[in-house]
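> A predicted structure for the sequence below; I have some questions about it.
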Amino acid sequence: MRYAMAVDTKKCVGCSDCVVACQTENDVPIGFCRDWIVETNDGTYPQLVTEIRSERCNHCENAPCVRCCPTGASHITDGGIVLVNKRKCIGCGACIASCPYDARYPHPDGFVDKCTFCEHRLKEGMKPACVSVCPTRCLYFGDLDDVNSDVSRVLARRKHKSLIPEAGTNPQLYFLI
């Protein structure tokens, strides 16, 4: 099993429902977030292209945050989800500095926090909160090893990209283009 997410950049309108759902579901402190909206503009006028992306931890197969963690708090679970054990985390910030996607933040309670793909919901057979609430249905989630999963089907039929491929992290967050 290899969990992954795809974001349809042609359908995302930047409403931030995913951000609010994540904050609510995961009791994220005010002023912090595990996912966020990015809007980019590329090209030169009048040929400008705007892209809106819902971003979060990329749950990398080659995760620098896991390699640099001095306590083993950052780890990869079965299914490829990158997690932080908050009881083991000393809040040193090495993982924050090593993440090329800026996907971690220092929780006020002294540990580092990030997206978990709502692992607790997956164990109950539910989708991540962000996927469940998206009004444009631009978030696809599932098991890459299952050819019939939502994410496998959409990646098979659509062009897609990962962010910062030169980092060599093999991210499991894809952006449909």
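Nice, I can see it. Numbering: from 1, shown residues only.
> a strand runs through residue 175, doesn't it?
Yes. Judged by DSSP: H, G, I helix; E, B strand; the rest coil, residue 175 forms part of a strand.
> for it, what are its contacts?
Residue 175 makes contact with 6-7, 9, 51, 53, 160-163, according to Cβ atoms under 8 Å, 6 or more residues apart in numbering. Backbone N, C-alpha and C define where each C-beta goes, glycine included.
> Need the buried ones from the residues you listed selected in PyMOL.
Per 16 or more other Cβ atoms under 10 Å, the buried members of the contacts of residue 175 correspond to this PyMOL selection:
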select buried, resi 6+7+9+53+160+162+163
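> From the contacts of residue 175, which land in strands?
Among the contacts of residue 175, DSSP state E puts 6-7, 51, 53, 160-161 in strands.
> What degree of burial does residue 165 show, as a neighbour count?
10 (other Cβ atoms under 10 Å).
> nope, residue 21 is what I meant
Residue 21 has 19 nearby residues by other Cβ under 10 Å.
> pretty sure it contacts residue 129?
Yes. Using Cβ atoms under 8 Å, residue 21 is in contact with residue 129, at 4.2 Å.
> Next one: the residue in the chain sticking out farthest from the centre from residue 9, what distance?
The C-alpha centroid of the chain is most remote from residue 46, which lies 32.2 Å away (Cα atoms, centre = their mean). Here the criterion is Cβ to Cβ, to the nearest Å. By it, residue 46 lies 20 Å from residue 9.
> still on that earlier bit, from the ones in strands among the contacts of residue 175, which two are the most distant?
6 and 51 (14.1 Å; Cβ to Cβ).
> Tell me where the protein has helices.
17-25, 64-68, 94-98, 119-122, 129-133, 150-157 (DSSP state H).
> So which of those is the most surrounded?
Neighbour counts (mean count of other Cβ atoms under 10 Å) averaged over each of the helices of the chain peak at helix 129-133, with a mean of 21.
> for that one, packing partners?
In terms of contacts (3 or more Cβ pairs under 8 Å, 6 or more residues apart in numbering; DSSP states H and E), helix 129-133 is packed against helix 17-25, strand 139-143.
> a markdown table please, covering those and showing mean pLDDT and distance to residue 86.
Compiled in a markdown table, the helices and strands packed on helix 129-133 are given as follows (pLDDT from 0 to 100; distance: least, Cβ to Cβ, whole Å):
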| stretch | mean pLDDT | distance to residue 86 |
| --- | --- | --- |
| helix 17-25 | 98 | 16 |
| strand 139-143 | 98 | 24 |
